[in-house]
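*Asks:* below are the sequence and a predicted model; questions follow.
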Amino acid sequence: MVERLQWTPELVGKFWSGIAATSLDERSFSRTAGHLLLEVIAPLLSRDAAILDYGAGSGHLIGRLLDAGYKAAGFEPAEGRARELARAHGARPGFLGVIGGDSADTFDIVLCVEVVEHILEEEFISTLANMSRFLRPGGILIVTTPNDETLDDALVYCPVSNVAFHRWQHVRSFTPESLQTAFERQGLERAWLGLVSFRDEEAFHEAIRRRRQPGMGRRMVRGLRDLFGRSSPDPVDLRVLDERTIVLGMRKPA
């Protein structure tokens, strides 16, 4: 009988350090869709803000932030990826360094991009608390994660060990409501929430273009207003496609 892999912190670190040493790293969310995400969250960023990419991986999103003139640091627990992050950006203007989990630094913006779905059960509450600790009063935490993912749809099987596991080490799935509730328990307040698909870049830019046209549908208007900081009662799709990502902004009370 096939067994399910039981992830441990050591296995998680080994998995992601191994990914960083292969071409699989080029398929990461921040590598393939980071430029589109920055288009969505750009109104919340400023050149003066100190930004932390929490779970920065090999630094693809940090690279895009630095290219755009922002100041950013990275937190990455996988040693192999943290070394790659420092190697790639250590000498770049605006790079604020790789920080450790015990750092006392705080930031205006904390980005948690495709991270929460990887957190092990025994580390979940402490990790969310750590993200909140890095956030300055009045700052914003921006979280993305797959929307209502069916984890078994992405299983792979290893014939050597006879175990099955999620191909990208996802261990949990969120709805917009459950994601918001998890961070509210850390004392954060919702600033905005929306569902966005990054699957088709052409369709993504068509949605942005439609936003700028007069007379567009009220549904689209509500969704984009929610994404850009004016909270509406319910999460609203930016556009309708098969795969969507939850984009959640949580503010730390001043």
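*Replies:* Received it, and whenever you're ready, just let me know what you need.
*Asks:* quick one: Thr106 from Glu201, how far?
*Replies:* For Thr106, the distance to Glu201 (Cβ to Cβ, to the nearest Å) stands at 34 Å. (Glycine included, C-beta is placed from N, CA and C.)
*Asks:* more neighbours, the two?
*Replies:* Between Thr106 and Glu201, Thr106 has the larger neighbour count (other Cβ atoms under 10 Å), namely 15 against 12.
*Asks:* for that one, give me phi and psi.
*Replies:* phi -130, psi 160 (degrees, to the nearest 10).
*Asks:* one more: Pro93?
*Replies:* When read as degrees, to the nearest 10, the backbone of Pro93 gives phi -60, psi 140.
*Asks:* which ones are touching the closest residue in space to it that isn't next to it in sequence?
*Replies:* Setting aside the residues directly before and after it, Pro93 is nearest to Leu66 in space (Cβ to Cβ, 6 or more residues apart in numbering), at 7.3 Å. Taking Cβ atoms under 8 Å, 6 or more residues apart in numbering as the criterion, Leu66 is in contact with 72, 89, 92-95.
*Asks:* any of these buried? List them.
*Replies:* For the contacts of Leu66, a neighbour count by 16 or more other Cβ atoms under 10 Å gives the buried set as 72, 89, 94-95.
*Asks:* export these to TSV and tack on pLDDT and distance to Ile140?
*Replies:* Shown next, in TSV, are the buried ones among the contacts of Leu66 (pLDDT from 0 to 100; distance: Cβ to Cβ, whole Å):
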residue	pLDDT	distance to Ile140
Ala72	96	14
His89	91	23
Gly94	94	19
Phe95	95	21
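*Asks:* which ones among those residues are found in strands?
*Replies:* Per DSSP state E, strands hold the following members of the buried ones among the contacts of Leu66: 72, 95.
*Asks:* nearest to Ser173, of the buried ones among the contacts of Leu66?
*Replies:* For the buried ones among the contacts of Leu66, the residue nearest Ser173 by Cβ to Cβ is Ala72; the value is 28.3 Å.
*Asks:* got a list of what the closest one touches?
*Replies:* 50-53, 62, 65-66, 94-96.
*Asks:* show me what it bridges to in the sheet.
*Replies:* Note on Ala72: beta-bridge partners Ile51, Phe95, judged by DSSP bridges.
*Asks:* what ranges of the protein fall below the confidence cut-off?
*Replies:* Flagging of the chain using pLDDT under 70 yields the residue ranges 207-243.
*Asks:* could you pull out the helices in it for me?
*Replies:* Under the criterion DSSP state H, helices of the chain are mapped to 9-20, 29-41, 60-67, 79-89, 124-133, 176-184, 201-211, 218-227.
*Asks:* and the fourth one, what's buried?
*Replies:* The reference is to helix 79-89. Buried residues in helix 79-89, counting neighbours by 16+ other Cβ under 10 Å, are found at 80-82, 84-86, 88-89.
*Asks:* contacts for it, please.
*Replies:* Helix 79-89 has contacts (Cβ under 8 Å, 6+ apart) with 13, 16-21, 56-59, 62-63, 66, 74, 76, 95, 97-98.
*Asks:* cool, and the first one?
*Replies:* When contacts are taken as Cβ under 8 Å, 6+ apart, the neighbours of helix 9-20 outside the stretch itself are 5, 25, 57-58, 77-81, 84, 118, 120, 123, 169.
*Asks:* and that helix, what's buried?
*Replies:* By 16+ other Cβ under 10 Å, the buried positions in helix 9-20 come out as 12-13, 15-17, 19-20.
*Asks:* need those in a markdown table (columns: distance to Leu45).
*Replies:* Formatted as a markdown table, those follow (distance: Cβ to Cβ, whole Å):
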| residue | distance to Leu45 |
| --- | --- |
| Val12 | 29 |
| Gly13 | 30 |
| Phe15 | 31 |
| Trp16 | 26 |
| Ser17 | 30 |
| Ile19 | 27 |
| Ala20 | 26 |
